[in-house]
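Undergrad: coordinates only, sequence not included:
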């Protein structure tokens, strides 16, 4: 059980000076689908938003890594919507900000609230201390609450190929820099590691894939509960 825990907390690989100069410009453009490849990527990423929004449960929502708030339009059945997002530049000025009740920089800043749903889209692969985050999510859920996690299939051959001929190629042509150095900095966890950590803290996990199976997929959706 503890073998995978020995990998955490992870240390994020540093970026070269050249990548640091274009990092924020590229990050926001990529999240908002401003380039051709990122537009295709964000179009495919809709699968993750749709899977999470398929939950018809009413109630309170906490979103981890809300970014540009691009998931909120998919939800229409909540009593409150709080977010954890440390990078203000992503959501500042968003028209969806009016739907957000509270904003937290870090999940440890939250009071002892309890949520019906905690959700996260394309964020868990970025978290250096993922076991701690998942444990805190478990503690913030109501007894019948659900943690919904959607992630890219980082670490699988199909995901690598999609990056190589899509966003990675466009990035390399535009900046003449190594895209996978940026990805190693950003995606510190593989999809398999995220799944294994979730299994340590939740006893009922349903997995759906945008592909044939987790190993041959682009995206994965994990619905996590603790059944007494």
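TA: Structure received. Note that the coordinates shown come from a computational prediction; the quantities given were computed from them, not determined experimentally. Numbering: from 1, shown residues only.

Undergrad: partners of the strand ranked longest in the chain in the sheet?
TA: Assignment by DSSP state E gives strand 141-152 as the longest strand of the chain. Neighbouring strands of strand 141-152 in its sheet, by DSSP bridges, are strand 115-121 (parallel), strand 216-225 (antiparallel).

Undergrad: pLDDT weak spots in this protein?
TA: By pLDDT under 70, the low-scoring segments of the chain are 1-2, 31-34.

Undergrad: and the helices in this protein?
TA: Under the criterion DSSP state H, helices of the chain are mapped to 17-31, 36-53, 88-91, 130-140, 157-165, 167-175, 179-186, 191-201.

Undergrad: distance check, residue 56 against residue 170.
TA: The spacing between residue 56 and residue 170, counted by CB to CB, to the nearest Å, is 37 Å. C-betas here are computed from N, CA, C, even on glycine.

Undergrad: neighbour-wise, which of those two wins?
TA: Neighbour count, other CB atoms under 10 Å: between residue 56 and residue 170, residue 170 has more, with 18 against 6.

Undergrad: I'd assumed residue 40 was in contact with the more buried one.
TA: No - if you go by CB atoms under 8 Å, residue 170 and residue 40 don't touch, sitting 9.5 Å apart.

Undergrad: got a list of what residue 8 touches?
TA: Neighbouring residues of residue 8 by CB atoms under 8 Å, 6 or more residues apart in numbering: 128-132.

Undergrad: mind running it again at 6 Å?
TA: By CB atoms under 6 Å, 6 or more residues apart in numbering, residue 8 lies in contact with 129, 131.

Undergrad: returning to that earlier point: for the longest strand of the chain, what is the distance to the chain centroid?
TA: The chain centroid and the centroid of strand 141-152 are separated by 12 Å under CA atoms, centre = their mean, to the nearest Å.

Undergrad: run through who's touching it.
TA: 48, 52, 114-121, 124-125, 137, 159, 191, 194, 219-225.

Undergrad: which among those count as buried?
TA: 48, 52, 115-121, 124-125, 137, 159, 191, 194, 219-225 (16 or more other CB atoms under 10 Å).

Undergrad: list just the one of the strands paired with strand 141-152 that sits closest to residue 60.
TA: Checking the strands paired with strand 141-152 against residue 60 by CB to CB gives strand 115-121 as the closest, at 4.8 Å.

Undergrad: wait, isn't residue 68 in contact with residue 90?
TA: Yes - between residue 68 and residue 90 there is a contact under CB atoms under 6 Å: 5.1 Å.

Undergrad: span of stretch 120-131 from start to end?
TA: Stretch 120-131 has its terminal residues 15 Å apart, counting by CA to CA, to the nearest Å.

Undergrad: wait, stretch 155-173
TA: Start-to-end span of stretch 155-173 (CA to CA) is 23 Å.
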